[in-house]
Structures are given as structure tokens and as C-alpha cells.
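Undergrad: Build me a model:
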Amino acid sequence: MPAHLTHQHCWSSLPSPSVREAASMYSTAVAIFLVILVAALQSSEPPESSFPYHIPLDPEGILELSWNISYVQDIIHFQLQVQGPRAGVLFGMSDRGEMENADLIVLWTDGNRSYFADAWSDQKGQIHLDAQQDYQLLQVQRTSDGLSLLFKRPFVTCDPKDYLIEDDTVHLVYGILEKPFQSLEAINTSSLNTGLQRVQLLKSEVPTPAMPADVQTIEIQAPDILIPDNETTYWCYVFVLPPDFSEHRRHIIKYEAIVTEGNEALVHHMEVFQCSAEFESIPQYDGFCGSKMEPDRLNYCRHVLAAWALGAKAFYYPEEAGVAFGGVGSSRYLRLEVHYHNPWNIRGRHDSSGIRLYYTDSLRKFNAGIMELGLVYTPVMAIPPQETAFVLTGYCTDKCTMMALPPSGIHIFASQLHTHLTGRKVVTVLARNGQEMKVVNRDNHYSPYFQDIRMLKKIVSVFPGDVLITSCTYNTEDRKLATVGGFGILEEMCVNYVHYYPQTELELCKSAVNDGYLQKYFRQVNSFNNEEVCTCPQASVPEQFTSVPWNSYNRDMLKALYRFAPISMHCNKTSGVSFQGEWNPQPLPEITSTLKEPGPNCPAQQAPSHTNPTVVSAAGAEAES
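TA: Predicted coordinates:
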């Protein structure tokens, strides 16, 4: 064996080297690592297709992930590109992006040989070899500027240490190894350069409609923003459509993201909202969303036209439908909102990202509509502090759908779930004749930092008399006061913007607990807590919630109130006027049969596979004996 290999094999037992010696050792180890990682094949099975989905994992662009999906085999093929000379890489998934209790793959070198393993981290970030090796390494190749790993994993492995890959948001975690490690167990995530990225891995594979010959585009972009060096920034920009957009109606049939080159890892998600036509003008604004300088009228720019999140491809409307855009009675003012995610506080980056809308003058058969489901933006719906999983539910009742929907029903083809900062899960379920029938959209790993419009795998038809139930789960462990519903970012929402056709007059079908019953709750709390709760007439609902002493009794009473009390129903037209009828109070819809959340179909005991890392060598990958 050459001297430098022998030296690297035992360097950990030598006295502490000088800085120059240490640098030399590191460079040699990394060089060895790159040399021996060539075409290490563990399986001849190639991926089923190219990789249609791509995301950068880290802000510097060192790691880029690509993937494809096989719904026939329930397998994902991953390709991980590593830029530059690195001593290894860690990649995986965890519940909410924590490095602890994560499901991982690790590629590392001990300075002599290189290894690949399916692993997991414990509550202290210590890495352990998984007894069941479900990530299968297919290939490691040296590229002109680094490494490329190809590996695959089933959606469901039935391994208790593995993440269950579902349709919802997935929190990806990564780490970069800058030095050799003598063993897998010597690695702790706390010593690595780590981060997280959110993405929807399992995309709906909807056929791409053809574009008509007269398709035109318009680009909604903010001009030359200097991205702040804060981890999270929401930037708002008012865009004015050309005057001719007021002349006649068009249909939006597609949209896609425009991301400034070099900022792919910083631009996290974007939305375009149309402003209310009741205002003849909206003040120009280019600045932080929610700033005191932001004009109040921007609160009336809430009609979603387009939403994109990292990893999403172009969004196409069904061939038979498009979003009405322009024409008489339509506002020319749009609000672009860009979410920048800059966890490494990078400075000096300028950005002009936005969304490109594709539209046509040839109107399609149906206008597509957007309907708001869930909870009304009101403080009567609140979450106590220090809650790990508090659930609030909003209803679109059978009375409203009977009144507002056509006999042939409507057809939901896409959905955008929305909460503010404490939201953790969101689900909308369709019920008919008292029985829950199907899930419209569900995200058990929902993140308020990752919101996009998702195409449904199957269109959901809603008919008069159906009920749509939207439930949101919140975590307020880090809050000392109750979190009330409202428009502010520190307040909460529970909304599902469903995209459907044909468009109806119904734009908002939401509920909240009846205010009179909430006041009964405050009086009940008051009688058990020595007059501590202010129920005086001048006290607002947020003030009343602030004064509640949050013991277990008061928490349980509030949960019971939200589960059983009558509701105030908002069954509103596009104009904001309610459909004719009495909507307050209304009984809760009677649901006699609920859907069970599906789980993996696993055998009682899973036989473990080989429990040794894969040795990656020039001769091919093989498991250590």
C-alpha cells in the first residue's frame, strides 16, 4: 500500500498535527475518496425515466436533488449531485425537518475506503446503521465538478426507523461531511453543516394539455429586489396590468415560475393575487409584506390567481376550463408575494423572480373558479397556548351547497391548503348523506413555509347537499397567550382554496363557532375561576381569550365547545353578499360515519436485511461481510 494510504489509515492515532499537516491530510483523504468513487453499481436496474423534478437543497447550490416516481412499483429514484471535493454527504427525511430522529442515507470515507449506508439519527443526532437497508445504492459516479449518487427507495418500507413517503409535504434534511470519519457511529449531525428543504415528492402525474395557437404570456415580476439577509422574508409588489386587459375577458390556462438564475435555493414560494374590483386603484407598493408602510388596500388583494412552491413544475388547467382574467369589472391590480428562505443569511443577492401567466382569447367551455373552505377569519376561533395538536374545524354545510351549487355539481381539480405559523396538519373531507366519502386534500406534514396549488390525483365532484369539512391542527408550544383567528401573521387561519369548474356564484363557504355560545363559554370559565375572566361589554374577544387561565378544565371546555356548539355559516357570493337564508346560528352537520386515515399495510414482523454498510470501490459495490 502506498505510504500516503497507510498514513491516512492510522492518522487518528497520531499526535495532533499542525494546521498545514492537517490540511494536507484532509486534502489527501478527499482525493482518495474521489478516486475510489467510480461507477459503483449495486444493481443494474436503471431508473424508469429521466428525472423531471429538481430542487437545490442548500442555499450555496452544493447539493442538488433530482427524482422520478414509479407509481407502478411505488418507488422513488433519487439522483443527488454534490459539487466540489467533499468527504461525504448525508441526506434524508424527518417529521418536520429536525436532524434528530431522521431517516438517512450516508456516504462517507474513513480516509481509505468509502461506504454507503441506510441509517437513522437518534434524539442526540448520533448516526446509527439501520437494521433494515431499504435505500438501495445504484450508482456513484465522479463528475467534472463533484459526485453524482443514484439510489432508490420504496414509498413504504414498514421499517419503524424509516419515513413514510406520502402525498403531503416532505421535510428533506441534508449534511455535508468535510472530513473523514472512522465509522458511521463517529458521525453526529451537530458537527456537520446541515439544513432542510421542503418539497412534495409524490407529484400528481396529470397529462399535459396542448397549448392553443393564440396563447400569450405576461410576466408578473418585482424589479430588482435586494434579498434581505434574514432567514425568512415575505416581499410584496403591486403589479398593474396593461389598460387593454379591461377591454375583454381572457382565460388563464397555465402558469410557471420565473426564478432569477443563481437564486434557485433562496426563492421558496410565490403567489399572485388579484385585487378587489371595488377599488378603482391600489397604491403602488414594493416592500416587506405586513410592514407598517404597506397600504391597507393590499388586504383586499386576496383572490389567488397562481401559486408556486419549490420543486413544482408548470401548472396547467384542464383542457375544458380556464381562469377568467381581465374584462369589464375585473381589477387590473395584482399583488405578487415572494417568500425568500435564506437560512445562511447570504448578502448582496438581487432578485427579479415572479410568475409567468399563459392566457388565451379563445375562451374554454368552463370558467374555473376558486372557493374558500374552512374557517372564517375571526377571533372567535382560537388555540390555547402550549398546545401540541389542537384541532379547529370549519364547515361548508349541506344547506349552503344545496342553495349555491348547480344540479350537475362542481368538479374540484386542485387545492391549496393555508394556515399561518402554528399550522401543522390540514385536511378537507367530502361527506354525503352523513357519511364521509373521500379526502379532497390532506397534508399531515403541512408547513406554512411551503404552500402551493396541488393538482388532485382524481377530480372530486361535489353535488348539492354535500358537506365539505376542513380541519387544521396547530402547535402553540412556543406561545404564552391564546392565538386567535384573523388576518395577521401571528393570528391563525384554516383555509382550503379549492380550484374547480364550472364557476358558480359561491366563493366562500366557511364557518365559525356561534359568538353567543362562545360568550356562554367565557361566563362558564368565569364562574369557575373567581371572576378572573373579563366579560364586561367593552372587552373584545381577543381580550377575553387573553384573560383565560389555561388550566386543563378550560382547555377541555373550549375543545368541547368547538366540537358540539352551533356555528355561524358564511355562504357568500363573489360580491361578499350571503345567499338568501338564515345562516346564524346553524347546527353542526350530522356525520355518522367517518373515514379512517389509511396506514401502511405491513406484516406483523419484517425480516431485517443485511446490516452492514455497502463498501464503494472501483471494483463495484459490495456489502462488507
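Undergrad: Next, the residue nearest in space to the middle of the chain: secondary structure please.
TA: In the chain, the C-alpha nearest the mean C-alpha coordinate belongs to residue 450, at 3.3 Å (Cα atoms, centre = their mean). What DSSP: H, G, I helix; E, B strand; the rest coil gives for residue 450 is coil.
Undergrad: Next: residue 548.
TA: Under three-state DSSP, residue 548 comes out as coil.
Undergrad: cool, residue 522 as well?
TA: Using three-state DSSP, the structure places residue 522 in helix.
Undergrad: Can you get me a residue count around it?
TA: Using other Cβ atoms under 10 Å, residue 522 is surrounded by 18 other residues. The C-beta positions use only the backbone N, C-alpha and C, and glycine is treated the same way.
Undergrad: Kindly provide the distance from it to residue 559.
TA: Residue 522 sits 15 Å away from residue 559, going by Cβ to Cβ, to the nearest Å.
Undergrad: swap in residue 528?
TA: In terms of Cβ to Cβ, residue 528 sits 16 Å off from residue 559.
Undergrad: Next: residue 414.
TA: 32 Å.
Undergrad: Which one of the two is surrounded by more residues?
TA: Set residue 414 next to residue 559 and count neighbours by other Cβ under 10 Å: residue 414 wins out with 23 against 15.
Undergrad: my read: that one touches residue 457, true?
TA: No - with contact defined as Cβ atoms under 8 Å, residue 414 does not count as touching residue 457 (10.9 Å).
Undergrad: any residues touching stretch 333-341, and which ones?
TA: Residues from elsewhere that reach stretch 333-341 (Cβ atoms under 8 Å, 6 or more residues apart in numbering): 220-222, 225, 227-228, 231-241, 266-275, 279, 281-282, 289, 298, 301, 305, 351, 353-355, 449.
Undergrad: Quick one: buried ones out of these?
TA: Neighbour counting by 16 or more other Cβ atoms under 10 Å classes 220-222, 225, 227-228, 233-239, 241, 266-275, 282, 289, 298, 301, 305, 351, 353-355, 449 among the contacts of stretch 333-341 as buried.
Undergrad: Please work out how many residues are found near residue 571.
TA: Neighbours of residue 571 under the rule other Cβ under 10 Å: 23.
Undergrad: Disregarding residues adjacent in the polypeptide, which is nearest to it?
TA: Take residue 571 and drop its neighbours on the chain: the residue closest to it by Cβ to Cβ, 6 or more residues apart in numbering is residue 400, 3.7 Å away.
Undergrad: Surely the one you found is within a helix?
TA: Yes - applying three-state DSSP, one finds residue 400 inside a helix.
Undergrad: Look up how far residue 476 lies from the residue nearest to the centre of the chain.
TA: 20 Å.
Undergrad: same deal with residue 365?
TA: 46 Å.
Undergrad: between the two, which one's more packed in?
TA: Counted by other Cβ under 10 Å, residue 365 and residue 476 do not tie: residue 476 has more neighbours, with 21 against 11.
Undergrad: how close does the more buried one sit to residue 384?
TA: Distance from residue 476 to residue 384, by Cβ to Cβ: 7 Å.
Undergrad: quick one: common contacting residues for those two?
TA: By Cβ under 8 Å, 6+ apart, the residues touching both residue 476 and residue 384 are residue 390.
Undergrad: So what touches stretch 436-444?
TA: 166-169, 412, 415, 417, 425-431, 454, 456, 460, 468-469, 496, 498, 591, 593-595.
Undergrad: among these, which are in strands?
TA: Under the assignment DSSP state E, the contacts of stretch 436-444 contribute 412, 415, 417, 425-431, 454, 456, 460, 468-469, 496, 498 to strands.
Undergrad: Given the helix or strand encompassing residue 174, what are its sheet partners and their directions?
TA: Using DSSP states H and E, residue 174 sits in strand 170-177. Applying DSSP bridges, strand 170-177 is found paired with strand 88-94 (antiparallel), strand 193-199 (antiparallel).
Undergrad: Where does residue 377 sit: helix, strand or coil?
TA: Residue 377 ends up coil, using three-state DSSP.
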